[in-house]
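**Q** This is a predicted model, with the sequence first.
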Amino acid sequence: MLPVLAIPVFCVATWVSALNDPSSDLPRFGQPLNNLTVSVGREAVFTCIVEGLGPYKVAWLRVDTQTILTIASHVITKNHRIAVTHSGHRLWSLHIKETRKTDSGWYMCQVNTDPMSSITGFLEVVVPPDILDYPTSTDMVVREGSNVTLRCAATGTPEPTVTWRREAGGTISLSNWQAGSIVGPELEITRITRLHMGPYLCIASNGVPPTVSKRILLTVHFQPMVWIENQLVGAYEGQTLTLECRSEAHPSPITYWTKPSNETIANDENYKVETIPKGLYEMTMKLVIKSVRAQDFGSFRCVATNSLGETDGKIKLYRIDKPPTTRRPGTRRESKKTWKIDHSHEKKAVGMKDEPMLKGDDTGDEQIDFQSATASTSFHRHLFTNFGITAITVIVAGGLST
Ligand SMILES: *[C@@H]1O[C@H](CO)[C@@H](O)[C@H](O)[C@H]1NC(C)=O
Ligand SMILES: *[C@@H]1O[C@H](CO)[C@@H](O)[C@H](O)[C@H]1NC(C)=O
Ligand SMILES: *[C@@H]1O[C@H](CO)[C@@H](O)[C@H](O)[C@H]1NC(C)=O
């Protein structure tokens, strides 16, 4: 409150002394005072309609503090944000400029009849929501399995409601239920999984525009996992084939393949290594062997390593006989033995589960052989391997990040 202090007391005295005016025809209020709602900083204007004011005067008072603000066209308070205007003797307006939250309260329009007559109206100064930097959560990096609480500290008048959503849409999974949005200043997620990873929005609203939001990125770290659909692959010498592993890891892993000799594979004229990322933490690792040689029979390993650990998967290549050529007469085709880089991976990554792991040359007869070779190993499909840290734990420089 501004310093109004002793002045009101004095003013009340002079104000009251005007009451002795005799009058037969007392003034009346034209209508009740409107209640006002204004955004902080804006001007609030109460208008009092008085019919037949006669010799009386109109005063404005602040009810809560019993302060006289204006009498007739004079501003009494020292609050420089208060002004009074009138139109004739009928319309009297109290102006409260640059409103503050503390201006909220009851205001009275009073006429010094005996007894006094007055009407009151309520001023509500509202404040649009704001989100405080502290203690609102900042971007977080957590380990899978840990518990996390995201916080959003919002201010505003009336008190804002905080709602949590995922920026990309979709549901938020909590321990026993899922919801598109969660209401409350805290979002508590127990036993975080990689599915929780991504940006979240906390949205604060209280009916006073503008609504505000803050983006909090939740990053989940976990050691690599590797899935292999076919762990046992039959091939003949000279065959072209593609081996595939699917991996999930965050932070993004370093990946490589090893030969049966345990050497790390580099791209050369016989091997082609490729990784195809998908989404935030998934990838497909591919190894194309242009032409299978004797030394390729054995176990290939696909390895994914990040700061939380290393995981590998084995694919064992075993020898089968080269199938007889069964070309039909008149359909002689050129054998396509040229080395090609496979550009069709996007499509395959999507349908990977049902995609053959072995790929023959582009001739139809070899496709048939592939089918018979994989049929015997189909029970190995959907095997889940997570060798985890029992294999080799690689501590990357910088150690574990949480
Ligand atoms: C102003 O609000 C009060 C309660 O907050 C209510 O009793 C009164 O009727 C309101 N006045 C008008 C004009 O709406
Ligand atoms: C996470 O919360 C669950 C349920 O409240 C509790 O059982 C578990 O011990 C907590 N885990 C950690 C790492 O604090
Ligand atoms: C490759 O390493 C594995 C274990 O890491 C071992 O059992 C195997 O004998 C090694 N193979 C060769 C050819 O060194």
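**A** Yes, it's here. Residues are numbered from 1 along each chain as shown. Ligands and ions are numbered 1, 2, ... in the order given.
**Q** any low-confidence regions in the stretch 201-350 of the chain?
**A** 326-350 (pLDDT under 70).
**Q** let's see 80
**A** Along the stretch 201-350 of the chain, segments meeting pLDDT under 80 span 325-350.
**Q** Look up phi and psi at residue 37.
**A** Per-residue torsions, residue 37: phi -130, psi 120 (degrees, to the nearest 10).
**Q** show me the contacts for it.
**A** Residue 37 makes contacts with 123-124, 126, as judged by Cβ atoms under 8 Å, 6 or more residues apart in numbering. All C-beta atoms are positioned from the backbone trio N, CA, C, and that covers glycine.
**Q** and if we set it to 10 Å?
**A** Contacts for residue 37 (Cβ atoms under 10 Å, 6 or more residues apart in numbering) come out as 44, 104, 122-126, 207-208.
**Q** what about the residue in the stretch 151-300 of the chain that ligand 2 sits nearest to, how many neighbours?
**A** Distance from ligand 2 to each residue of the stretch 151-300 of the chain (Cβ to the nearest ligand atom) is smallest for residue 190, at 4.1 Å. Residue 190 has 12 neighbouring residues, counting by other Cβ atoms under 10 Å.
**Q** hmm, back to that, list buried residues within the contacts of residue 37.
**A** Among these, those classed as buried by neighbour count (16 or more other Cβ atoms under 10 Å) are 44, 104, 123-126, 208.
**Q** can you tell me how far residue 324 sits from residue 236?
**A** To residue 236, residue 324 is 11 Å away according to Cβ to Cβ, to the nearest Å.
**Q** And these two? Which one has more around it.
**A** A count of neighbours by other Cβ under 10 Å puts residue 236 above the other of residue 324 and residue 236, at 16 against 7.
**Q** rewinding a little: in JSON lines: the contacts of residue 37, plus distance to residue 263 and secondary structure.
**A** As requested, the contacts of residue 37 are arranged in JSON lines below (distance: Cβ to Cβ, whole Å; DSSP: H, G, I helix; E, B strand; the rest coil):
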{"residue": "44", "distance to residue 263": "80", "secondary structure": "strand"}
{"residue": "104", "distance to residue 263": "77", "secondary structure": "coil"}
{"residue": "122", "distance to residue 263": "82", "secondary structure": "strand"}
{"residue": "123", "distance to residue 263": "81", "secondary structure": "strand"}
{"residue": "124", "distance to residue 263": "76", "secondary structure": "strand"}
{"residue": "125", "distance to residue 263": "75", "secondary structure": "strand"}
{"residue": "126", "distance to residue 263": "71", "secondary structure": "strand"}
{"residue": "207", "distance to residue 263": "67", "secondary structure": "coil"}
{"residue": "208", "distance to residue 263": "67", "secondary structure": "coil"}
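**Q** quick revisit: so the residue of the stretch 151-300 of the chain closest to ligand 2 is in contact with residue 149, correct?
**A** Yes: assessed by Cβ atoms under 10 Å, residue 190 is found in contact with residue 149 at 9.5 Å.
**Q** Residue 67 touches residue 76, doesn't it?
**A** Yes: assessed by Cβ under 10 Å, residue 67 is found in contact with residue 76 at 8.4 Å.
**Q** For stretch 64-75, measure first residue to last.
**A** 18 Å (Cα to Cα, to the nearest Å).
**Q** quick one: average pLDDT of it?
**A** Mean pLDDT, stretch 64-75: 96.
**Q** wait, what's in contact with the residue in the stretch 51-200 of the chain that ligand 1 sits nearest to?
**A** Closest residue of the stretch 51-200 of the chain to ligand 1, Cβ to the nearest ligand atom: residue 122 (4.9 Å). Each residue near residue 122 by Cβ under 10 Å, 6+ apart is listed here: 33-37, 46, 63, 104-107.
**Q** Can you tell me which of those has the most neighbours?
**A** Within the contacts of residue 122, most neighbours by other Cβ under 10 Å means residue 107, with 24 neighbours.
**Q** Can you classify that residue by secondary structure?
**A** Under DSSP: H, G, I helix; E, B strand; the rest coil, residue 107 falls in the strand class.
**Q** ok so, going back, of residue 67 and residue 76, which one has the most company?
**A** Counting neighbours by other Cβ under 10 Å for residue 67 and for residue 76 shows that residue 76 has the greater number, 24 against 21.
**Q** OK, contacts around the nearest residue to the residue of the stretch 151-300 of the chain closest to ligand 2 once chain neighbours are set aside?
**A** What sits nearest to residue 190 in space, not counting adjacent residues and going by Cβ to Cβ, 6 or more residues apart in numbering, is residue 147, at 4.7 Å. Contacts for residue 147 (Cβ under 10 Å, 6+ apart) come out as 175, 188-192.
**Q** Then residue 63?
**A** Here residue 63 is in contact with 105-108, 118, 120-122 (criterion: Cβ under 10 Å, 6+ apart).
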